[in-house]
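Student: can't give you the sequence, but here's the structure:
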């Protein structure tokens, strides 16, 4: 018997509805993940609670997860093939073993969802209402994209790299395809990562191979990569346009985008985040460590300043870790409040290009690139 | 007595109006369960706090991706009534520990 589209849709919908009625209220355990902030369970969109950000490398089992369309069925590492085609002289079909034979490089880099912090924008915009935790710093390891393209004999006339993940849209939802200017694809830090923090990339994070585009928004780092194509023109699918674009000229908050004036997002802005104390927490009067992380896309973090009085006075925090592009730096400052009461703590990062975290993040219709000075409130109580 | 009749009528009318409203919201909820669950969970929808205009645009965006919404008006009323931008933001939901699971 043949099913037409309508029947398949109806069957899909009925099955999904039955699953959903349960899942809408019930809590959910995500295999391989500790408790995380649950924005969406099908597909999984998970945010890292700030208390897990105390280590330089964010552990895989609390690393944030972002998906647009249903996750592909687990990929069999034995039968996996990466297609390399387009403007190349030798189209390739590479196995995982082939990819492992290429020189392997390790790059510590932050991945941050383009919409991290969207929940802080006012007026509210549609999209996952991320707080502080759609970000993580990991050590990525795998072959360079430049060496894969060299193997395929990519033409010097190719201006873009188009990357397709194995995930496909349901019904008429668009396929997840992204393109990257060739100059960034050929950067020595741009990898087809096979490992994350020293272990094979878990399925939720793109097993067996994902793009890692250091310094750029997380959406550039396509998961479950099955095709790399050298192209003359950028892809024009939904996830390149209008998805993941930012107004060229700032708009009054709450007003719609002007499609002709939207640009593809590339390098990420300068940003620091306070991870301790937690917002609206209580602390006994005594010494308090204020901690956080800071990163600046393709730049390095130069300094982080902290205020404990709402921004009247600032002190420079102590940075740990190397001054690197792409990766974050952790920072810390000791604070000894003299009185109990409510305090507003702020952090402000400055990067190697002289960019300074702004007081007000620029509102935009998709709620991207939130990077306002971070702010938490803490009540200090008599010990 | 002369005053009572209009009062009863007014009460009946109010009840009818309210139930019409409630009936629309119930239809909207049903519509959501049928039309909005094939591609993602309802969590993604219920965590938003949007204006009527933005909810309308969201429904149209989903329709553009093949979502069939026979009772659009009721769905819109339901979304605005429960997840409008005047409603408080819900506390974050947490997943349970899944580290033991494969």
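Tutor: Structure received. Nothing here was measured: the structure is a model prediction, and the numbers come from that model.
Student: what about residue 88, neighbour count?
Tutor: Here I'm looking at chain A. 19 (other CB atoms under 10 Å in any protein chain shown). Backbone N, C-alpha and C define where each C-beta goes, glycine included.
Student: The intended chain is chain B.
Tutor: Residues near residue B:88, counting by other CB under 10 Å, number 6.
Student: where does it fall, helix, sheet strand or coil?
Tutor: What DSSP: H, G, I helix; E, B strand; the rest coil gives for residue B:88 is coil.
Student: From chain A, how far out is it?
Tutor: When distances are taken as CB to the nearest CB, to the nearest Å, residue B:88 and chain A turn out to be 12 Å apart.
Student: Starting from residue A:125, give me the distance back to that residue.
Tutor: 17 Å (CB to CB, to the nearest Å).
Student: for residue A:29, same thing?
Tutor: 30 Å.
Student: what about the two, which has more around it?
Tutor: residue A:125 (21 against 17).
Student: what sits against the more buried one?
Tutor: Listed by CB atoms under 8 Å, 6 or more residues apart in numbering or on different chains, the contact set of residue A:125 reads A:118, A:364-367, B:54.
Student: Return the member of these nearest to residue A:151.
Tutor: Set against residue A:151, the nearest of the contacts of residue A:125 by CB to CB is residue A:366 (36.7 Å).
Student: What pLDDT does the model give the closest one?
Tutor: Residue A:366 is assigned a predicted lDDT (pLDDT) of 97.
Student: Doesn't it belong to a helix?
Tutor: No. Checked against three-state DSSP, residue A:366 lies outside a helix; its state is coil.
Student: so how far is chain B from it?
Tutor: Residue A:366 is 12 Å from chain B, by CB to the nearest CB.
Student: re the thing from before, dump the contacts of residue A:125 into a markdown table; add neighbour count as well.
Tutor: Converted to a markdown table, the contacts of residue A:125 look like this (neighbours: other CB atoms under 10 Å in any protein chain shown):
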| residue | neighbour count |
| --- | --- |
| A:118 | 23 |
| A:364 | 20 |
| A:365 | 23 |
| A:366 | 21 |
| A:367 | 24 |
| B:54 | 21 |
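Student: So which of these is the closest to residue A:315?
Tutor: For the contacts of residue A:125, the residue nearest residue A:315 by CB to CB is residue A:118; the value is 29.9 Å.
Student: who are the neighbours in contact with the closest one?
Tutor: A:125, A:127-130, A:367-368, A:370.
Student: Between all of these, which two are separated the most?
Tutor: A:129 and A:368 (13.4 Å).
Student: Would you enumerate the residues in contact with residue 29?
Tutor: I'll assume chain A. Residues in contact with residue A:29 (CB under 8 Å, 6+ apart) are B:95-98, B:101.
Student: that answer is for a different chain, and I need it for chain B
Tutor: Residues near residue B:29 by CB under 8 Å, 6+ apart: residue B:78.
Student: do you know how far it is from residue B:21?
Tutor: Between residue B:29 and residue B:21 the distance is 13 Å, computed by CB to CB.
Student: any idea of the mean pLDDT in the strand ranked longest in chain A?
Tutor: For chain A, the strand with the greatest residue count under DSSP state E is strand A:341-351. Strand A:341-351 carries an average pLDDT of 98.
Student: Which strands or helices does that strand pack on?
Tutor: In terms of contacts (3 or more CB pairs under 8 Å, 6 or more residues apart in numbering or on different chains; DSSP states H and E), strand A:341-351 is packed against strand A:271-276, strand A:288-295, strand A:301-307, strand A:374-381.
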